[in-house]
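Participant: Build the 3D model from these lines:
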Amino acid sequence: MALAAATLMVRPPSAKRTWGFRRVEVLAALGQGLLLLAVSVYAVIEGIDRWSRPPEVLAGELLWFGIIGLVLNLAAVAVLSSGRSANFNMRAAFLEVLMDALGTIAVIISAIVMMTTGYSRADTIAAFVIALMIVPRAAIITRDTLRVLMEFTPKGLDLDEVRQHIMDLEHVKDVHDLHASTVATGLPTISGHVVLEDACFYDGHAPAVLETIRECVSEHFDVSIEHATFQLETEDHSRCGPGGADHP
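Facilitator: Numbers count the residues shown, from 1 in each chain. Here you go, the predicted model:
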């Protein structure tokens, strides 16, 4: 899933897909997060059943399978660890591989316990522990991707602070219809209507104010927004919406 999403993401934008396939990473991460949650819940349900009816387990074979799986998973973790913060998709892929690695460690420990003590519920306890470790992390990825898909304000950006900072600029009279969202990792956007003094549209100040606003949202805040769209309005225009109706 991660590889397919990465392949789509590099496709260039077009007239029909103005952001290209950048949001595929969010959809892929959401799918992986939900899958991890489902697997964890299933592991708990299956563990409850196994606890009441412990199956016969070949501990020796289980140990060897666990060791082989751990080596492969550790190699995958090493490959993905450096890029896990690059985007949602990489975070989800890293978490999925990490879950597998933790699972194989649990398998190895439970196999050793069963071989040395004969305690048949060791693998069930390990399954519970792994599920409880994965659920919070999968829930965080699911929550963060849903924030993007719901077009919530980017994390770390205070829109009230942005509005006030623009309002404090010279010649700015009002700011309304201010919206900010995230298309994909590293791609926040912002749009809004900025009301300027009428004189700015006659003496040439308007373009300079617009450039100042764009520099403001790009450089002043912790979340740097390069994709900014602002509509400049006169005071009379701002008071009239479609059909001449007043609006705030």
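
Participant: Follow the chain on from the helix or strand of the chain with the lowest mean pLDDT and name the next helix or strand.
Facilitator: Sorting the helices and strands of the chain by mean pLDDT, DSSP states H and E puts helix 2-9 at the bottom, at a mean of 49. Next helix or strand after helix 2-9 toward the C-terminus (DSSP states H and E): helix 24-52.

Participant: if you count residues, which strand in this protein comes out on top?
Facilitator: Looking across the chain with DSSP state E, the single longest strand is strand 172-184.

Participant: who's in contact with the helix or strand that that one is followed by?
Facilitator: Following the chain from strand 172-184 toward its C-terminal end, the next helix or strand by DSSP H and E is strand 187-196. The list of residues contacting strand 187-196 from outside it, by Cβ atoms under 8 Å, 6 or more residues apart in numbering, reads 19, 22, 154, 157, 162-163, 166, 171-183, 205-206, 209-210, 213, 217, 223-225, 227-235, 238. (Glycine included, C-beta is placed from N, CA and C.)

Participant: Kindly give a single PyMOL line that selects the buried subset of these.
Facilitator: Only the buried members of the contacts of strand 187-196 enter the following PyMOL selection, criterion being 16 or more other Cβ atoms under 10 Å:
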select buried, resi 22+154+157+162+163+166+171+172+174+175+178+180+181+182+183+205+206+209+210+213+217+223+225+228+230+232+233+234+238
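
Participant: Based on its surroundings, how many neighbours for residue 52?
Facilitator: Neighbours of residue 52 under the rule other Cβ atoms under 10 Å: 8.

Participant: what do you get for residue 185?
Facilitator: Around residue 185 sit 20 other residues, with neighbours defined as other Cβ under 10 Å.

Participant: Over to it: give its phi and psi.
Facilitator: For residue 185, the backbone dihedrals are phi -60, psi 130 (criterion: degrees, to the nearest 10).

Participant: same question, residue 232
Facilitator: Its backbone dihedrals place residue 232 at phi -90, psi 140, with angles given as degrees, to the nearest 10.

Participant: Please apply the same query to residue 234.
Facilitator: On the backbone of residue 234 - angles per degrees, to the nearest 10 - the values are phi -80, psi 170.

Participant: Tell me the predicted confidence for it.
Facilitator: According to the predicted model, the pLDDT of residue 234 comes to 89.

Participant: Now it: closest residue in space that isn't a chain neighbour?
Facilitator: Using Cβ to Cβ, 6 or more residues apart in numbering and skipping residues adjacent in sequence, the residue nearest residue 234 is residue 198, 5.1 Å away.

Participant: Please name the residues that touch the one you found.
Facilitator: For residue 198, the contacting residues are 234, 235, 236, by Cβ under 8 Å, 6+ apart.

Participant: Could you grab the helix/strand/coil label for it?
Facilitator: Following DSSP: H, G, I helix; E, B strand; the rest coil, we place residue 198 in the coil state.

Participant: what do you get for residue 54?
Facilitator: Of the three states, residue 54 takes coil according to three-state DSSP.

Participant: and the closest residue in space to it that isn't next to it in sequence, helix, strand or coil?
Facilitator: When the adjacent residues along the chain are set aside, residue 54 lies closest to residue 120, with 4.1 Å between them (Cβ to Cβ, 6+ apart). Secondary structure of residue 120, reduced to three states by three-state DSSP: coil.
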